[in-house]
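1. Here is the input, now give the coordinates:
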Amino acid sequence: MNRLEGNWWSEPCEEHGSAFSLKVKSRLHEEQTAFQKIEVYETEKFGNLMVIDGFVMLTSRDNFLYHEMMSHPALYTHPAPKRVLIIGGGDCGTLREVLRHSEVERALQVDIDEGVTRAAEKYFPELCESNDDPRAELHFADGIRWVKEAAPGSYDVIIVDSTDPIGPAEGLFGEPFYGDCHAALGEHGLLVQQSESPLYHMRLLGEIHRYMRKAGFADSHTLHFPQPVYPSGWWSATLARKDGPIEGFREADAANRPFATRYYSPEVHQGALALPPFMKEAFANLQT
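-> Alright, predicted model coming up:
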């Protein structure tokens with residue numbers, strides 16, 4: 001069980017015999033919404049910590065790793081990303097990174113739980129600094145239904161910035177949802193899904209690739225990056241392209257990006273595309 005014991009908040013990963021702990025100063029917020037329990041703690045070294053249903057969602061100190069890698073690789077892979085849909089992402093960090101791209105004309109964020117965004121606005125205001133951008137639209141609704149009801153070809157990039165595949169997020173990891181994403185994407189459309197730990201969750205990663213291909217995507221590829229506060233400290237995002245192979249990206253544009261990043265760079269992008277041998281072996285049977 002996830003618990004606060006003394007000054008330490010811990011999240012065990014029972015199936016892999018590990019745990020992650022942070023030393024906390026105080027609990028800042030606790031709320032049971034219609035969908036989940038949201039808690040925010042002040043930690044000693046990692047800034048503020050948001051916990052949803054007992055699982056770490058983000059901290060002030062290291063969230064830039066996740067948010068930059070969930071957004072910039074996909075946006076620099078698409079030739080002209082003008083219309084972006086974010087499913088989940090209620091903390092608004094991915095939305096902020098998306099809107100750093102001047103070519104984006106419209107960015108919609110659809111999260112089922114408004115409570116996450118309101119907590120982020122109060123305790124992680126730096127992540128919400130683009131919420132008032134005229135290109136941004138915040139909707140609090142069921143993302144699965146939103147995509148299902150989207151007009152064909154509505155978006156250039158869909159980013160699934162979801163929690164783990166349990167509870168409200170479970171349906172975001174299946175073939176029917178990926179099929180709806182495929183239909184909602186236009187020419188050269190890209191889907192990116194947060195896809196858990198390559199060390200702990202290879203079975204799930206394999207299922208994500210298999211379901212993406214069965215849903216009609218021409219190619220899929222997993223990028224990996226560090227994420228200290230998530231189980232194993234090693235995380236991933238999986239890209240799927242609607243109508244062609246995932247090869248190359250707008251490297252010159254990435255190198256000349258007119259905004260600062262703390263982790264993402266063309267070199268990091270290229271390195272994240274390289275798969276360790278055990279991942280290559282696991283994905284070999286997925287090639288079409």
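
2. I figured Thr33 was touching Arg118, is that so?
-> No - using C-beta atoms under 8 Å, Thr33 is not in contact with Arg118, being 9.6 Å away. No exception for glycine: its C-beta is placed from N, CA and C like everyone else's.

3. tell me, what's touching those two both at once?
-> Common contact partners of Thr33 and Arg118 (C-beta atoms under 8 Å, 6 or more residues apart in numbering): none.

4. wait, Leu95 sits on Gln109?
-> Yes - using C-beta under 8 Å, Leu95 is in contact with Gln109, at 5.0 Å.

5. which residues touch His182?
-> Gly189, Leu191, Ala215, Gly216, Phe217, Lys242.

6. so the residue nearest to the fourth one when sequence neighbours are not counted, which of the three states?
-> Spatially, and ignoring its direct neighbours in sequence, Gly216 is nearest to His182 (4.5 Å; C-beta to C-beta, 6 or more residues apart in numbering). Three-state assignment for His182 (DSSP: H, G, I helix; E, B strand; the rest coil): helix.

7. Ala141 versus His182, what's the distance?
-> According to C-beta to C-beta, to the nearest Å, His182 and Ala141 sit 20 Å apart.

8. next one: Gly47
-> Counting by C-beta to C-beta - Gly47 and Ala141 are separated by 30 Å.

9. The two: which has the busier surroundings?
-> Neighbour totals were compared for Gly47 and Ala141, and Gly47 leads with 17 against 12 (other C-beta atoms under 10 Å).

10. one step back: okay, and the common contacts of Leu95 and Gln109?
-> Ile86, Gly89, Ala136, Leu138.

11. The third one: neighbouring residues, count only.
-> Residues contacting Ala136 under the criterion other C-beta under 10 Å number 20.

12. In terms of helices and strands, where is the spatially closest residue to it that is not a sequence neighbour?
-> Among residues not flanking Ala136 along the chain, Ala107 sits closest, at 5.4 Å (C-beta to C-beta, 6+ apart). For Ala107, the host element (DSSP states H and E) is strand 106-111.

13. So for that strand, what gets flagged as buried?
-> Neighbour counts over strand 106-111 (16 or more other C-beta atoms under 10 Å) mark Ala107, Leu108, Gln109, Val110, Asp111 as buried.

14. Could you dump those residues into JSON lines and include pLDDT and distance to Tyr123?
-> As requested, the buried residues of strand 106-111 are exported to JSON lines (pLDDT from 0 to 100; distance: C-beta to C-beta, whole Å):
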{"residue": "Ala107", "pLDDT": "98", "distance to Tyr123": "22"}
{"residue": "Leu108", "pLDDT": "98", "distance to Tyr123": "24"}
{"residue": "Gln109", "pLDDT": "98", "distance to Tyr123": "18"}
{"residue": "Val110", "pLDDT": "97", "distance to Tyr123": "22"}
{"residue": "Asp111", "pLDDT": "97", "distance to Tyr123": "16"}
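
15. Could I get the CA-only coordinates of the strand holding Ala107 as PDB?
-> C-alpha atoms of strand 106-111 as PDB (Å, rounded to 0.1, in the frame of the first residue of the first chain):
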ATOM      1  CA  ARG A 106      -4.900  25.000 -31.900                       C
ATOM      2  CA  ALA A 107      -4.200  22.800 -28.900                       C
ATOM      3  CA  LEU A 108      -7.100  21.100 -27.200                       C
ATOM      4  CA  GLN A 109      -6.700  19.400 -23.800                       C
ATOM      5  CA  VAL A 110      -9.400  17.000 -22.800                       C
ATOM      6  CA  ASP A 111      -9.100  15.600 -19.200                       C
END
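
16. Pull out the buried positions in the following helix or strand past it.
-> Using DSSP H and E, the helix or strand that follows strand 106-111 in sequence is helix 114-123. Of the residues in helix 114-123, Glu114, Gly115, Val116, Thr117, Arg118, Ala119, Ala120, Tyr123 count as buried by neighbour count, 16+ other C-beta under 10 Å.

17. Now do the same contact list for the second one.
-> When contacts are counted by C-beta under 8 Å, 6+ apart, Gly115 is found next to Glu31, Thr33, Phe35, Gln36, Ile38.

18. Go again with 10 Å.
-> Residues near Gly115 by C-beta atoms under 10 Å, 6 or more residues apart in numbering: His29, Glu31, Gln32, Thr33, Ala34, Phe35, Gln36, Lys37, Ile38, Ile52, Gly90, Phe140.

19. Okay, and the first one sits in which element?
-> The reference is to His29. Counting by DSSP H and E, His29 is found in strand 18-32.
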